[in-house]
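# A structural model of the following input is requested.
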Amino acid sequence: MIDRLTRLGIGRLLIGAALILLPDAVMAQGIPTRVMVRVVSHDGTIIGSMVGGARVTVRDARTGTLLARGVQEGEAGDAQRLVIEPRARGQRLFDTDGAAGFLAELDLTRPTQVRIEAEGPLGTPQASQRISRTMLLVPGYDVLGEGVILELYGFAVELLEPSGDWHDVPGSEIAVRARVTMLCGCPTEPSGIWDSSKYTIEARIVREETILVTTNLTYAGETSIYEGRLTVPAEDGLRLQILAIDPSTANFGMIEQPFDESGTGQSS
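All right, here's what the predicted structure looks like:
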């Protein structure tokens, strides 16, 4: 009789333990949770396929475990809504037909603090920027529609002229031409939607940290193209910098080329 009661008691304990553990066992399988991420250009539109899109990574902020990774693809969105029309709270801005985004599909076992990182535009690596954000996600509660918005600041600056061999440039006057766009590829021009008359676009010749020569680049009559001329000192260790500056929106861009090298330079 005692053995029977003992066995019955142990059985009940095992059943109780199983019932307690069952929710954790179910949760351990993970609950599918979807999160739409949209990477956008500050004061611009969405960073879409036209400029190579943006790489998105989602990690567990506590452990660093990779949860999702992919490239944002699609169109730049509706510029009229994004940069021209006044915005109202709750208005649908980014979630339009064909608009670029990355849909992260996660399996979450618990409420999880995640770190979402974005890098782009991938098509103009010389102008690539990064941003990250941490936020709490709850299993089974999808974040869709507008999604999580990550803004990248800056301009994409491309050096067009001079090109080719730079070794014989010092000591001569040169023509400088550059293309300046938003990170989304949106065009700049005087009185345009992205009004370059509000920007400072200049060329500099620097040696170490000293600016030796500087000149403003003016609109060349072609969308996003700016030009000017400057005389290069007959010295060694010179670098050409092209800067696009708009402190009112905190957008800045630069490309740099040493005079003892050939190529398209490095941008930030």
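# okay, CA-based contacts and neighbour counts for the rest of this
Fine.
# tell me which element the residue nearest to residue 134 when sequence neighbours are not counted falls in.
Closest residue to residue 134 apart from its sequence neighbours, by C-alpha to C-alpha, 6 or more residues apart in numbering: residue 115 at 4.3 Å. Residue 115 is part of strand 112-120, with elements assigned from DSSP states H and E.
# ok, now which ones touch the residue nearest to residue 134?
58-61, 132-135 (C-alpha atoms under 8 Å, 6 or more residues apart in numbering).
# can you pull up the bridge partners for it?
residue 59, residue 134 (DSSP bridges).
# got it, and residue 39?
Going by DSSP bridges, residue 39 forms beta bridges with residue 150.
# residue ranges of the strands in the stretch 151-268 of the chain, please?
155-161, 173-182, 200-207, 210-216, 218-219, 225-231, 238-246, 251-258, 266-267 (DSSP state E, counting those that start in this stretch).
# residue 157 and residue 117, how far apart?
23 Å (C-alpha to C-alpha, to the nearest Å).
# which one's more surrounded, the two?
residue 157 (29 against 20; other C-alpha atoms under 10 Å).
# what's the closest residue to that one other than its chain neighbours in contact with, if anything?
Of all residues not flanking residue 157 in the chain, residue 180 sits nearest, at 4.7 Å (C-alpha to C-alpha, 6+ apart). Counting by C-alpha under 8 Å, 6+ apart, residue 180 touches 155-158, 187-188, 224-226, 244.
# host element of residue 122?
Using DSSP H and E, no helix or strand contains residue 122.
# residues in contact with it?
So residue 122 contacts 51-55, 128 (C-alpha under 8 Å, 6+ apart).
# narrow those residues to those in strands?
Cross-referencing those against strands under DSSP state E gives 54-55.
# tell me which two in the contacts of residue 122 are the farthest apart.
51 and 55 (12.0 Å; C-alpha to C-alpha).
# thinking again about what came up before, model confidence at the residue nearest to residue 134, what's the number?
Residue 115 carries a pLDDT value of 98.
# find the nearest non-adjacent residue to residue 94, please.
Using C-alpha to C-alpha, 6+ apart, the nearest residue to residue 94 is residue 146, at 5.5 Å.
# buried ones in the helix or strand where that neighbour lies, by neighbour count?
Here residue 146, judged by DSSP H and E, is contained in strand 143-152. Within strand 143-152, the residues that qualify as buried are 143, 146-148, 150-152, counting by 16 or more other C-alpha atoms under 10 Å.
# one step back: neighbour-wise, which one of the contacts of residue 122 leads?
residue 54 (30 neighbours).
# thought it was touching residue 41?
No: applying C-alpha atoms under 8 Å, one finds residue 54 not in contact with residue 41, separated by 10.7 Å.
# what sits in contact with each of the two?
With C-alpha under 8 Å, 6+ apart, residue 54 and residue 41 have common neighbours residue 47.
# show the buried residues in the contacts of residue 180.
155-158, 187-188, 224-226, 244.
# any idea of the pLDDT on the residue nearest to residue 157?
98.
# for the nearest residue to residue 152 once chain neighbours are set aside, grab the count of nearby residues.
Computed as C-alpha to C-alpha, 6+ apart, the closest residue to residue 152 that is not its neighbour in sequence is residue 41, at 5.1 Å. A count of neighbours around residue 41, defined by other C-alpha under 10 Å, yields 24.
# same check on residue 87?
The number of residues packed near residue 87 is 12, by other C-alpha under 10 Å.
# nearest residue to it in space, ignoring adjacent ones along the chain?
Nearest to residue 87 is residue 81, by C-alpha to C-alpha, 6+ apart, at 7.8 Å.
# ramachandran angles for that neighbour?
phi -70, psi -40 (degrees, to the nearest 10).
# go on, the one 5 residues further on?
Main-chain torsions, residue 86, degrees, to the nearest 10: phi -60, psi 150.
# burial count for it?
8.
# and the pLDDT for residue 13?
43.
# residue ranges with poor pLDDT in the stretch 51-200 of the chain?
For the stretch 51-200 of the chain, residues meeting the criterion pLDDT under 70 lie at 164-170.
# do that again at 90, thanks
84-91, 126, 162-174 (pLDDT under 90).
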